[in-house]
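1. model this:
(2 chains)
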Amino acid sequence: MNVHKFKIFIPKTLLFLYHTRHATVFAAIHMPKVRSFQDIIFDLQKYWASQGCVIMQPYDTEVGAGTSHHATTLKALGDGYWDVAFVQPCRRPKDGRYAENPNRTQYYYQYQVILKPSPKNPQDLYLGSLEAIGFDLSIHDIRFVEDDWENPSLGASGLGWEVWCDGMEITQYTYFQQIGGISCSVTPVEITYGLERIATFIQNVENHFEINWNGREDEKKLTYGDVLQRFEREFSCYNFDVASVDILLNHFSDYEKECQKLLAHNLVMPAYEQCVKANHCFNLLDARGVVSVTERAGYIVRIRTLAKNCCQSWLESVKNKD
Amino acid sequence: MQQELLLEFFSEEIPARFQKKAVSDAKFVFEKILNDYGAEFSALESYISPRRITIRVLHLHPSTKDLCTKKRGPKISSSEDAINGFIKSNGKRKEDLFEENGYYYINTEVMGADIKEIMSDMIEDFIVNMPWPKSMRWYLEDQKTLSAFWVRPMRSILCVYNGRVIETHIKSLGITTCDYTFGHRFLSSGKIEISNFDDYHNKLEKSYVMLDFFKKREYIDQEITQKAASMGLCLTIDEDLLNEVAGLVEYPFIHIGTIDEKFMSLPSIVLSTSMKVHQKYFTLTYPNSVIAPFFGTVTNVPGTEIMHIGLDRVLRARLADAMFFYKEDTNVTLEAFAQRLSNVVFHEKLGLMSHKIDRMMSIAKTKEERRAVALCKADLLTQMVGEFPELQGIMGEIYAKGQDEELDVCMAIREHYKPLGAGGTLPGSKIGARVAFFDKLDTLVGFLGIGIYPTGSKDPFALRRAALCIIRLFCDFDEDILENEKLSWYIETLITSYSDQGIALEHDTLVEVETFITDRFKVYISGKLEVDHEIIKSVVSSFKSLDFDYKAAVLKAKRLLELTKLDEFQVVKEAYKRAAGVLGDLEFSTGSVRDLTFKDESMIALKDSVSDLEGNIFNFDLFTKAARSLLSACDNVLINTNDAEEKSKNLRLFGKFIGLIEKNIGIL
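-> Below is the predicted model:
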């Protein structure tokens, strides 16, 4: 590193003294004025890791919600302990607004926590996590507003709330009661944070696209918009206007067939993945406006059948192991 | 207070919409439990706040009464085994049996118990019997089982009697009762020890928990009204919203926020619906009822600048969405939306929504009616109605005005959903009323025609309500919505339309639909006029089944209700019965009797008085006069004389009398 340049940097930074066992080194730490988008994620990861959660990575296929991650849908079934947390990018093609709406996008990030079984104090743990990411609970109005959750396509339902911060929903909080049409023998609690919304509060900005992603305030500052605005615009066009309907229709039935075949081979996780992909195809067709209300019900039944079969196969295999 | 029991069930947040009813439910359920256990007490109060439901029992005696209940056993004729079994299972001896009405009985005594000892049983009973609309189970870590059902996870139970804690374990919830509670989630911290209700109430108030739901609601109403008034604005009262908002805060703090000017171009109903549904904000207006760019809201903690910025900001995001929907919708004409109704299923056996529109078209008469029918369901396909289903019809009207449809047509699109049930307002325009009638009648004809009827409390297609709406349109709407056709014509035309679409209905659909509506009419009128079964029967049966005139029926029922209070009514009724007895099953001509000539004086008097009834507006005195004449004629004249011509004239006159009574009053 060029020493001269380093010295010029000093006025803008703080010098921290790092004591390590082997040496004492000076490190220049960039002190962010705002907590960055990525800091919020880091802090959540650290907080939930400290609560004993497995920190997983996102599911690498398109899903509509963190609930569709196999770490939720499948692993929440059965009796075993399962505390896990991860970021999940979500795709909801119909929610696209060509990057013109400040708060609604077809692609966004959820932070998903599953605690199975639910502990004695999950609400306190949740509020603790808000403090951990920089929420001053004394100046915001946090409320638990009834919002029961139901996903008929998974035969899943639960009771809980949406958590409001100053009137905006920032988290979905659910005690699962049923998955795959089967009552949970051990009730998990699912906490799903809307990361962009939380960031707008913490950084006090209007618009998702203005969220400071990397926390820098100099010319190297990168916002959510810098990272994703073009993605959002182009995918809105793709979802609403350009996606090839016939290709999607073919994909849908291919995924459906493959899912059934894999289930026959008792490969539940790959089968489930095909089901998730079929679901995304349907969402794209829906956004494209080619699914009539009449057909809609038919598609949903087809996806539901796949999902239910996957959940049931999973449960059977888990039981057989016991 | 002496002998006071205080119970508090402290849980995670109870859904706002359950709270109002839970107050009375809790009181009812716990009172019943106390009585079942033979507990003696003077009064019971219940309270609710988002995280707790509280019961206070006054003057609760420390022990319960001895209870003696008579228990029915097997029939006297039963086998020895059955009888012995009954004795044994009750821990009694044969001498304790006694007979009544062919059964053996036994008196079982439950000895009075110490309240403290039965507390856990009573609490367990309360948990089981409290009727939450929706409840859940959660995991009990210590017991490694699932809990009993409750609305949300319960975290502690306060149980104080006579100033002392009753400590008891509630197994189904894994909770041991205690003498402390907690205050506001954010404005209070730590345990609060409680010795009695006054102490509890005061300490909670200081810890920012308003225990009385109804006082809280009133406080919110007053505070918003006052704050709005200080800005020259009025609060639009909304009871449902008030209930919900009160159930969302432990302690209310009021704030008036701002709507961004750029959204004020949205229709005011869109603004207020979006604010209410999504944000639970109250709409504020100027004194001239025009919506103002402000809203009223309630927070659970004192307002801060950053909070107020957030409350405005979140509304901007919501309204940006509404604006998006509005713009997208107005890019498309209502006709284009209407065409997409061929993608919407009305019912799997009754075709698509577009089919329904076509059928309604077959009974529409004027150009305006046909236009209103064509567009009335179009808004179901708009994005705005997709987001806010409660705006159906309303958005249709707004969009129709926007594309310069005739005002009557626009109004009819909104009004064809009216009346909403027994109390709802009627359509203001005739087109609206007629289209509402077409819509409901098509639904009735279709569902009854394929054999789908409401059963018991289940009426998933709201057929009873459809019939009720039709009845109200017939009875309460000022003009004749049938336009000089009979109801049967409309039903038959719809049946033909169904069959033209390849939908075959049962062959007796016409009669079934008429009967269904008439049956609902009986229910409607008995509720509305508080008339008894006899009156309804005499009114309803005075019409031929397919010639029912609902407006006339209401009039008759009202008239009959009044008449039955008069002494003269008995005279008329007797005359009617005598005449009916003479006539038997004979059919009689309905023609005028003015030209008939009689020799006997009492028959002449009868003829004159019956003639007076003809064509005159209803006058009960004339009926009484005719009735007296008829009775005196019966006494003086041989009606069924051998002279065939005389007899026929006599019977025609009697028949006329009966006909006039039935037409004007009913079958007596």
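
2. Stretch B:114-130 - what's its average pLDDT?
-> Taken as a whole, stretch B:114-130 has a mean pLDDT of 96.

3. and what of stretch A:163-181?
-> The average of the pLDDT scores along stretch A:163-181 is 91.

4. Then stretch B:537-548?
-> If you average the pLDDT values across stretch B:537-548, you get 76.

5. can you give me how far it is from the chain middle?
-> Relative to the chain's own centre, stretch B:537-548 is displaced by 28 Å; criterion: C-alpha atoms, centre = their mean, to the nearest Å.

6. Would you mind giving both backbone torsions of residue B:611?
-> The phi/psi pair for residue B:611 (degrees, to the nearest 10) reads phi -60, psi -40.

7. ok, now residue B:106?
-> The phi and psi values for residue B:106, taken as degrees, to the nearest 10, are phi -140, psi 140.

8. again, but for residue B:376
-> phi -60, psi -30.

9. confidence score at it?
-> Looking at residue B:376, its pLDDT stands at 96.

10. Does the residue of chain B found nearest chain A lie in a helix or a strand, and which?
-> Nearest to chain A, among the residues of chain B, is residue B:310, at 3.0 Å (C-beta to the nearest C-beta). In short, each C-beta sits where N, CA and C put it, glycine included. Using DSSP states H and E, the element containing residue B:310 is helix B:305-330.

11. re the thing from before, distance of the nearest residue to the residue of chain B closest to chain A once chain neighbours are set aside from residue B:307?
-> Taking C-beta to C-beta, 6 or more residues apart in numbering or on different chains, and ignoring the residues beside it in sequence, residue B:310 has residue A:166 as its nearest neighbour in space, at 3.0 Å. Per C-beta to C-beta, to the nearest Å, residue A:166 is found 5 Å from residue B:307.

12. swap in residue B:541?
-> Looking at residue B:541 against residue B:307, where the rule is C-beta to C-beta, the gap reads 67 Å.

13. can you check residue A:42 too?
-> For residue A:42, the distance to residue B:307 (C-beta to C-beta) stands at 26 Å.

14. Of residue B:541 and residue B:307, which one has the most company?
-> Remark: of residue B:541 and residue B:307, residue B:307 carries more neighbours, 21 against 12, as counted by other C-beta atoms under 10 Å in any protein chain shown.

15. Double-check that one against residue B:299; I have them as touching.
-> Yes. Counting by C-beta atoms under 8 Å, residue B:307 touches residue B:299, with 6.6 Å between them.

16. Mind listing the shared neighbours of the two?
-> The overlap between the contact sets of residue B:307 and residue B:299 (C-beta atoms under 8 Å, 6 or more residues apart in numbering or on different chains) consists of A:141, A:166.

17. pLDDT averaged over stretch A:270-288 - what is it?
-> Stretch A:270-288 shows an average pLDDT of 95 in the prediction.

18. Now that stretch - C-alpha only, PDB.
-> Included here for stretch A:270-288 are C-alpha records, laid out as PDB according to Å, rounded to 0.1, in the frame of the first residue of the first chain:
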ATOM      1  CA  PRO A 270     -35.000 -32.700  -6.300                       C
ATOM      2  CA  ALA A 271     -38.700 -33.300  -6.800                       C
ATOM      3  CA  TYR A 272     -39.500 -30.400  -4.500                       C
ATOM      4  CA  GLU A 273     -37.200 -28.200  -6.500                       C
ATOM      5  CA  GLN A 274     -39.100 -29.000  -9.700                       C
ATOM      6  CA  CYS A 275     -42.300 -28.100  -8.000                       C
ATOM      7  CA  VAL A 276     -40.800 -24.700  -6.900                       C
ATOM      8  CA  LYS A 277     -39.700 -24.100 -10.500                       C
ATOM      9  CA  ALA A 278     -43.200 -25.000 -11.800                       C
ATOM     10  CA  ASN A 279     -44.600 -22.500  -9.400                       C
ATOM     11  CA  HIS A 280     -42.400 -19.700 -10.600                       C
ATOM     12  CA  CYS A 281     -43.400 -20.500 -14.200                       C
ATOM     13  CA  PHE A 282     -47.000 -20.200 -13.300                       C
ATOM     14  CA  ASN A 283     -46.300 -16.800 -11.600                       C
ATOM     15  CA  LEU A 284     -44.600 -15.600 -14.800                       C
ATOM     16  CA  LEU A 285     -47.500 -16.700 -16.900                       C
ATOM     17  CA  ASP A 286     -49.800 -15.000 -14.400                       C
ATOM     18  CA  ALA A 287     -47.900 -11.800 -14.700                       C
ATOM     19  CA  ARG A 288     -47.900 -12.100 -18.400                       C
END
